[in-house]
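Undergrad: Using only what follows, build the 3D model:
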Amino acid sequence: CGLSEIIPLNSLTLFNEIELKTQICGSAKIDLSLLKDHTVYRDGLSINHDLIKNFWDIVLSLNEELKPKFVDFIYAQKRLPSKQEFIRKNLRLQISILNVDNPDVTLPQSQTCFLNLQIPRYSSKEHLKRNFLKALTTASGFYKESE
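TA: Residues are numbered from 1 along each chain as shown. Now for the predicted structure:
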């Protein structure tokens, strides 16, 4: 019982050990621009909306320590799928508005099973960044009021 029951062993010779690991586990390097390329927007949002521009400015500037936390927050994984996997499975991050009474004190929310992210309508990029970074370091995708 093992890999040979799923994949003919002679086909494994097409890859060296590093390529095979990448095919099975994905790349350890997290390219968040790949995620940006595979995102759809809801609730009147678009790539040109100020909230989304600020969001991607913050996300694409995350350091190497926070990138896996972001992926975990939105996808419950430490790595993103490969570009081929995004295409094959038609995976899309869906970003929508989280409607709340006090957006500036509310953390974003994610539904990892569906690759959904809900962002409150923050009044500034600073509020977005503060709440977003707090969500990455303290939350696990579920709605929480910030303190």
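Undergrad: contacts for the helix or strand of the chain with the lowest mean pLDDT?
TA: Here the helix or strand of the chain ranked lowest by mean pLDDT, DSSP states H and E is helix 17-25, holding a mean of 79. With contacts defined as CB atoms under 8 Å, 6 or more residues apart in numbering, helix 17-25 is touched by L12, F15, R79, S82. (C-beta placed from N, C-alpha, C; glycine too.)
Undergrad: Kindly recompute the last result at 7 Å.
TA: For helix 17-25, the external contacting residues (CB atoms under 7 Å, 6 or more residues apart in numbering) are L12, F15.
Undergrad: Tabulate the CA atom coordinates of that helix in CSV.
TA: Provided in CSV are the C-alpha atoms of helix 17-25 (Å, rounded to 0.1, in the frame of the first residue of the first chain):
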residue,chain,number,x,y,z
GLU,A,17,13.5,14.7,-5.6
ILE,A,18,13.1,18.5,-5.4
GLU,A,19,10.7,18.7,-8.3
LEU,A,20,8.7,15.7,-6.9
LYS,A,21,8.5,17.4,-3.4
THR,A,22,7.3,20.6,-5.0
GLN,A,23,4.6,18.7,-7.1
ILE,A,24,3.4,16.9,-4.0
CYS,A,25,3.8,19.5,-1.3
